[in-house]
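[1] all I have is the shape, not the residue letters:
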């Protein structure tokens, strides 16, 4: 191929926030694809809060990234060489491309995406894993009923903004918790949430009590920590807490557990986790419904693109500092 | 009536374990019953771990006991005066009699109990609130399926021993966690558990891993704290955690939350609380089934009776020190 790849590899398992020492930027020649393989030039790489959990040793819902391995990441790219009859040069595809310029992947591990109706980055957001996560997490674990109150944490983030919008589509009141005025304005403006709470300036528990006088029916949690405890203090009877993430805790040495979890007893409530891959056989069905909502203007898929593969170590940290607005995506392509 | 009552009243809200200063033993004349009221002479008073939570101010599933009020307690007793057509002197009844020798109560707040088939104390255990709690908590919240592994904490206690036995009746493997050799022998002997873990000497997490190589399907938790964390580390996919109590935490200034609650996500599991009073309209149905199991020898209702109203402050502490074996009951009657 005569192409040089650039790859971010895990150099050292971090404690706390990852930094430049966590990563090594390496170069190597792109090998020729084998039978049934493709060479994909990455255009956009998805940066996700859960990436931090993949850097830890030990059991999780996916194996950890090994030291020396290319950092795992979803992405969209363009096929530049194909040894599989189903793909041609120029096809756009999505899959686990990793944090690198070129990925040599088995053709059956990627899927074609259509950029004629939505931007390519939308396939890393509302039509990608964040969309599936918001859709199945809210609907299958949260069981929201029309007229109920749904509270979403990290509501200006990729999954949170979609979960709140889907709650509204399903006839619920949606209240979002986010950091900063700009994000809160986005929630009640562009995304159509009924109310927003700025956790940086407000007493979250008091605001939840004020905004949810009858309690929270569904809490879709991406954050954990003090925000989860504030929600537990304000549950309605029979509430459902959807455990989607705990971004406030991923960089801590020791996770904090919700000290008031016994409110689950007082309120006859439940707290339940899920892993989106379990719903893979229903992605297509969900994707059609989500695409329909986008087309009708009911659902907004907003991406925050930062250009430059080489910015990966710093750009990733934006997620843990709450600096991205919308789905964080690394722009890798030349354009 | 010319009877003198003795009553344990809440004198001071405790921090940590209650002690003698928590209570005041007062005497007063027993008033004559009004229309529709009964005078009940207490025979047995139920001592329950949740009593500690009633001593704290603030919201719970029942209002706190007020300072100066007679301590709330279930009990069984005998009607010694009746101003209600449905009850006669000599009837045995159960209800909220309080920690006192005589209770003047509205007739509609107590129910008659039959001591011809089971001992009176059984109405404070398998046929009382502990039985209902084990029955509905395990079956309605835990949803155990035959062949699954059910783990119970505080398994030698009232609710725990019944929950484990019901799990066995439903065709599950039952594993109990309890403190000390004697209790563990009781679990695998008299109660028929498949295995027991002595938390005082064993590494609970390691033992759970050994005894549940395919993970825990249902964890019925009465304890919280480190035991709950050990169970979370060993869940099967799709596990159900029944939050029944947290006796390890009731006397702590600040509750500890399960730091590894994100295992609910990894294992697609749920943690759910319940309050037994919600099932009141099904107590009779459950009571018939439980009585049938007792009659057929499948279910053992074991009570630990300590005699003497005056021992209440010390006897209550046995619950938090794990000193009772079976349902703890205070014997109040002359016999």
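    Structure's in. What do you need? What you see is a predicted model; the values in this text were computed from it and never measured.
[2] only C-alpha atoms from now on, for both contacts and neighbour counts.
    Noted.
[3] would you mind listing what in the stretch 201-335 of chain A touches chain B?
    Residues of the stretch 201-335 of chain A lying close to chain B (CA under 8 Å from any CA of the partner chain) are A:243-246, A:254-275.
[4] now with 7 Å, please.
    Contact residues, the stretch 201-335 of chain A versus chain B (CA under 7 Å from any CA of the partner chain): A:243, A:255-261, A:264-266, A:268-275.
[5] of the residues you listed, which belong to helices?
    Judged by DSSP state H, helices contain the following of those: A:264, A:265, A:266.
[6] the last one contacts residue B:61, correct?
    If I follow you right, that is residue A:266. Yes. Under the criterion of CA atoms under 7 Å, residue A:266 makes contact with residue B:61 at 4.9 Å.
[7] which of the two has more neighbours?
    In this view residue A:266 and residue B:61 are compared by other CA atoms under 10 Å in any protein chain shown, and residue A:266 has more residues nearby, 19 against 16.
[8] per-residue confidence for the more buried one?
    At residue A:266 the predicted local distance difference test score is 94.
[9] cool, and residue A:249?
    Taking residue A:249 on its own, its pLDDT is 88.
[10] that one: neighbour count?
    If you count neighbours by other CA under 10 Å, residue A:249 ends up with 18.
[11] and it, which of the three is it?
    Per DSSP: H, G, I helix; E, B strand; the rest coil, the secondary structure class of residue A:249 is coil.
[12] where's it relative to chain B, distance?
    10 Å (CA to the nearest CA, to the nearest Å).
[13] before we move on, what about residue A:250?
    On the measure of CA to the nearest CA, residue A:250 and chain B end up 11 Å apart.
[14] and for residue A:174?
    From residue A:174 to chain B the distance is 23 Å (CA to the nearest CA).
[15] give me the pLDDT for that residue.
    Predicted confidence (pLDDT) for residue A:174: 98.
[16] wait, it touches residue A:148, no?
    No. Using CA under 7 Å as the test, residue A:174 is too far from residue A:148 to be in contact (8.7 Å).
[17] which one of these two has more residues nearby?
    When neighbours are counted by other CA under 10 Å, residue A:174 and residue A:148 differ, and residue A:174 comes out ahead with 27 against 20.
[18] my read is that one is in a strand, agree?
    Yes. Assessed with three-state DSSP, residue A:174 lies in a strand.
[19] for stretch A:323-335, buried residues please.
    A:323, A:324, A:325, A:326, A:327, A:328, A:329, A:330, A:331, A:332, A:333 (16 or more other CA atoms under 10 Å in any protein chain shown).
[20] by pLDDT, give me the weakest of the residues you listed.
    Among the buried residues of stretch A:323-335, residue A:333 carries the lowest pLDDT, at 82.
[21] which element is that one on?
    Under DSSP states H and E, no helix or strand contains residue A:333.
[22] the helices in the stretch 151-300 of chain A, which residues?
    With DSSP state H, counting those that start in this stretch as the criterion, the stretch 151-300 of chain A has helices at A:158-169, A:181-188, A:204-211, A:225-232, A:263-266, A:283-295.
[23] with residue B:152 as the reference, name the closest of those helices.
    Smallest distance to residue B:152 across those (CA to CA): 16.9 Å, for helix A:263-266.
[24] now what about that closest one, what contacts it?
    A:232, A:233, A:270, B:60, B:61, B:243, B:272, B:273, B:274, B:275 (CA atoms under 7 Å, 6 or more residues apart in numbering or on different chains).
[25] what is the burial count for the nearest residue to residue A:84 once chain neighbours are set aside?
    Leaving aside its sequence neighbours, residue A:84 sits nearest to residue A:36 (CA to CA, 6 or more residues apart in numbering or on different chains; 4.5 Å). When neighbours are counted by other CA under 10 Å, residue A:36 registers 15.
[26] which residues does residue A:36 contact?
    Listed by CA under 7 Å, 6+ apart, the contact partners of residue A:36 are A:83, A:84, A:106, A:107.
[27] can you pick the most crowded of the residues you listed?
    residue A:107 leads these on contacts (other CA under 10 Å) with 23 neighbours.
[28] sorry, back to before: and which of the ones in helices among the residues of the stretch 201-335 of chain A next to chain B is nearest chain B?
    Set against chain B, the nearest of these by CA to the nearest CA is residue A:265 (3.7 Å).
[29] roughly how far apart are the closest one and residue B:137?
    Counting by CA to CA, to the nearest Å, the separation of residue A:265 from residue B:137 is 11 Å.
[30] does the most centrally placed residue in chain A lie in a helix or a strand, and which?
    Centroid check for chain A by CA atoms, centre = their mean gives residue A:130 as the closest residue, at 4.5 Å. Per DSSP H and E: residue A:130 is located in helix A:129-136.
[31] what does that helix rub up against?
    Counting by CA under 7 Å, 6+ apart, residues outside helix A:129-136 touching it are A:125, A:158, A:159, A:162, A:163, A:276, A:283, A:286.
[32] repeat for stretch A:66-83
    Against stretch A:66-83 from outside (CA under 7 Å, 6+ apart): A:7-12, A:33-46, A:65, A:88-99, A:124.
[33] show me the shaky parts of chain A.
    A:1, A:334-335 (pLDDT under 70).
[34] what's around residue A:188, how many residues?
    For residue A:188, the neighbour count with other CA under 10 Å is 16.
[35] correct me if wrong: it contacts residue A:182.
    No. Checked against CA under 7 Å, the pair residue A:188 and residue A:182 is beyond contact range at 10.4 Å.
[36] before I go, just wanted to say thanks for your time.
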